[in-house]
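I need the structure of the sequence given here:
(2 chains)
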Amino acid sequence: MTESPKQTVAPEVAVGRRYYAEVLDGLPFGMMVGLLRRTIPLPFAFGITLSFRIRKWLGLSPLPAYGFGGVGCGTDLSREKMPSRPMSRWAGWFEDLGDLGFTPLRFCVGDYIGAKESASTVWIDSSRNTFACLEWFRMPGASGIEERSSLEFNSIVRKKSRAETSPVPVTEVMTAMIRESDMALQDAFKLNYIDTVFFPDSEKLKSVYLQHHSRLANYSALVQPDEVALQTYDRLSQGRLDCIIELGLVRELTPAEIREISKNRLE
Amino acid sequence: MSEPAVFVVIRDQQRRYFYDRWANVFLYRNLIWGPDDLDEWLETEEAYDEWDGEVCGVAVIDHDRRQLVWDGDPDELNVPRVVNVLHELMQTSWRGYEVQIAARGATDVAIVAGVHGGDVGLIEEADPIADRAETVREAAGIYDHDGDDDLDDVEGDEFDEDTPRAWVTLINEEGVVRHRHLNEISQDLLKGKKDAFHQLIALNSGDVPAEAVVTEGIWFDFGRKEIGYWGCLSGRSAYAQLRRGWSGWKVDWADGGYSDQCQVSGPSGIPMSDAEALASLTPQILSTKRIDLESVMGMLGGQVKKVAVRATGCVTVVLCIPVLLFGLIAGKMQAALITILIVVVAVALVFKLIERKFKRKFNESPIGLHAKGKDDEGLRAPVAGPLDPAERRDRLERLLAAAGMPALSEIEKHIDSDDAMKELL
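Numbering: from 1, shown residues only, chains lettered A, B, ... in the order given. This is a model prediction of the structure:
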């Protein structure tokens, strides 16, 4: 594991690397209206979505507040050197994962520019067929700086079965826990080769893990040898990133955009 | 209906009692300016020779022994970190005096005031932990009915990010750390009942909470047979009970509080800065408004009005959109804009008429008449200290600097702009 002190990425460091950002106006029109109407009345939600579309057609899409580095660009740290905030938020999940026989593979601070910070950790269970990935981030939201944690159980499966809703063979099974208010947004990022189910983060981790395992009964889950487990996980992550770029939900930032976004700060 | 406080002033061994009908609300905002400002404020009305009637808050100012002891019960003082910064500020403004928040509430205040609590309506608690939940499950919000005490049933209170809580950490012989959140530390834990741990383990796992929401904390290190406890001053009674209940264990009061518990349990947590702690007190300290029934009613009315304004705004937009579209499509924008203007004016007029009628009806109702009653308000200003907002701000700024605390500009960054309390202040 490489270790370096935690620091904010400076603009001069950021330029020259590849960074990506979510494309807000790439979301389906109805979905974006649905998301916005959770916080504002429908006519305004419709109007704002329409204005985003018009700006997109005119080539005046708003500049993202942050950008993220590609897979493997984060900084791996030892558990003791991880930032305190995510480790504090994850403490309950760590306890449950430990009780379920999971062991940590990696602790990492995300590579971000602009107004966002993040951290993640990857664990693997004792049967070596399920990864648990915990993610944490802070970024500006509707009511100031918002903080979120999410957890995913991921398993690679043989292409034996098709999920009822998927037109292509399923190669991954994912069971995730996220904030209930974010569940609608996640539908936009569902990929057809991943059999995905979301639960609100108020669910107990142990019961979500049991549900993941009961879902695996429909497939044949592949065991990951210790020495290649992390590479396999990174390969999954890269595949997902490539796919959402192809869907137009994420795009690579230009050097000029990187320079501009790097000026944003979270606080 | 009132929130009365009594100020017992002892000078040259003579006791005088000053009453204020609403001073218990944010009692500290009257005390924080020091002895001279408090005296000046109190002396604007006649003193009583006897403690007369029941009160909610008490402050005893003993000039002979140079001591201030006070007891109020504001919610914002449930968090030890907030209490600590307030205490530091008061130590600065009451230089030369010993400042104490009454650790045992009425009992301490009565002792310092030299009165018998029962005689003056102060209820002295025989068992200071009797108010706490009896069991861990009760403290977690799980109530067993009809002998149903299934430990697997752990649907207790959910603690969202801002909910105050007690933080319990268990460290077993192998060093495995478990965190649990309770509404308060229960009697069975304080009394050393072993069954309490089975109930704790059965609860849902918790994270390391932010310092801003922790009212008290405790950790049990089973390998070392050590217990650490910290909390507000009233937690001293709980600590005394812990020492009695856990013979054979090393029981310590953790002076470092939150950071001590983080240190024994892993990550360094999410500590609260001085500025964040002061942000929960500053608006109240700076406010010169009397907090009485009328102002509370005004706040509630303001919130209702805000919702009504938003709803009316939405209805107006919905009404105007078709008119605007018609104007665009038919090429009659001028007519459309005039129509919209008429609609907006008409809606505003109707809104104002309804608001006036509603206010008049409310003011004529028994609650409205009671809230308006100002007959017994007296001569005293609503609060002690400077009444001019700029001067009050300046005095607080100087006090903060003298106490080595962050400046107001830094503190104000952390004030919750959505706080409903803002309307009241």
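
Now do the same contact list for residue 28.
Using chain A here. A:Pro28 is in contact with A:Ala188, counting by CB atoms under 8 Å, 6 or more residues apart in numbering or on different chains. Placement of C-beta: from N, CA and C, glycine included.

sorry, should have said chain B
The contact partners of B:Tyr28, by CB under 8 Å, 6+ apart, come to B:Trp70, B:Gly72, B:Pro74, B:Leu77, B:Leu86, B:Met90, B:Leu281, B:Gln284, B:Ile285.

go with 10 Å
B:57, B:59, B:70, B:72, B:74, B:76-77, B:83, B:86-87, B:89-90, B:101, B:281, B:284-285 (CB atoms under 10 Å, 6 or more residues apart in numbering or on different chains).

repeat for B:Ile411
B:273-283, B:396-397, B:400, B:405.

Which ones among those residues lie within helices?
Among the contacts of B:Ile411, the residues falling in helices (DSSP state H) are B:Asp274, B:Ala275, B:Glu276, B:Ala277, B:Leu278, B:Ala279, B:Thr282, B:Pro283, B:Leu396, B:Glu397, B:Leu400.

separation between the third one and B:Phe362?
B:Glu276 sits 38 Å away from B:Phe362 when distances are taken as CB to CB, to the nearest Å.

quick one, which of these two is more surrounded?
B:Glu276 (21 against 14; other CB atoms under 10 Å in any protein chain shown).

Pretty sure that one sits against B:Arg81.
Yes. Using CB atoms under 10 Å, B:Glu276 is in contact with B:Arg81, at 8.2 Å.

what do those two both touch?
Common neighbours of B:Glu276 and B:Arg81 (criterion: CB under 10 Å, 6+ apart): B:Glu211, B:Ala212.

Tell me the span between the first and last residue of stretch B:40-54.
End-to-end distance for stretch B:40-54: 24 Å, by CA to CA, to the nearest Å.

how about it: buried residues?
Along stretch B:40-54, these residues count as buried under the neighbour rule (16 or more other CB atoms under 10 Å in any protein chain shown): B:Trp41, B:Leu42, B:Trp51.

quick one: is stretch B:208-223 near chain A?
Yes. Stretch B:208-223 comes into contact with chain A (CB under 10 Å from any CB of the partner chain), by way of B:Val208, B:Pro209, B:Ala210.

out of those residues, which is most surrounded?
Of the residues of stretch B:208-223 next to chain A, with other CB under 10 Å as the count, B:Val208 tops at 27 neighbours.

Is it correct that it falls within a helix?
No. Using DSSP: H, G, I helix; E, B strand; the rest coil, the assignment for B:Val208 is coil, not a helix.

wait, doesn't it sit right on B:Arg180?
No. At 11.4 Å, B:Val208 and B:Arg180 do not qualify as touching, with contact defined as CB under 10 Å.

list residues touching both of these two?
Residues touching both B:Val208 and B:Arg180 (CB under 10 Å, 6+ apart) are A:Gly92, B:Trp167, B:Thr169.

Could you turn the buried ones of those residues into a PyMOL selection?
Those of the shared contacts of B:Val208 and B:Arg180 that count as buried under 16+ other CB under 10 Å are selected in PyMOL with:
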select buried, (chain A and resi 92) or (chain B and resi 167+169)
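
Let's see which of the shared contacts of B:Val208 and B:Arg180 end up in strands.
Counting by DSSP state E, the part of the shared contacts of B:Val208 and B:Arg180 found in strands is B:Trp167, B:Thr169.

Is it possible to get CSV of the shared contacts of B:Val208 and B:Arg180 that adds pLDDT?
As requested, the shared contacts of B:Val208 and B:Arg180 are exported to CSV (pLDDT from 0 to 100):
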residue, pLDDT
A:Gly92, 94
B:Trp167, 97
B:Thr169, 96
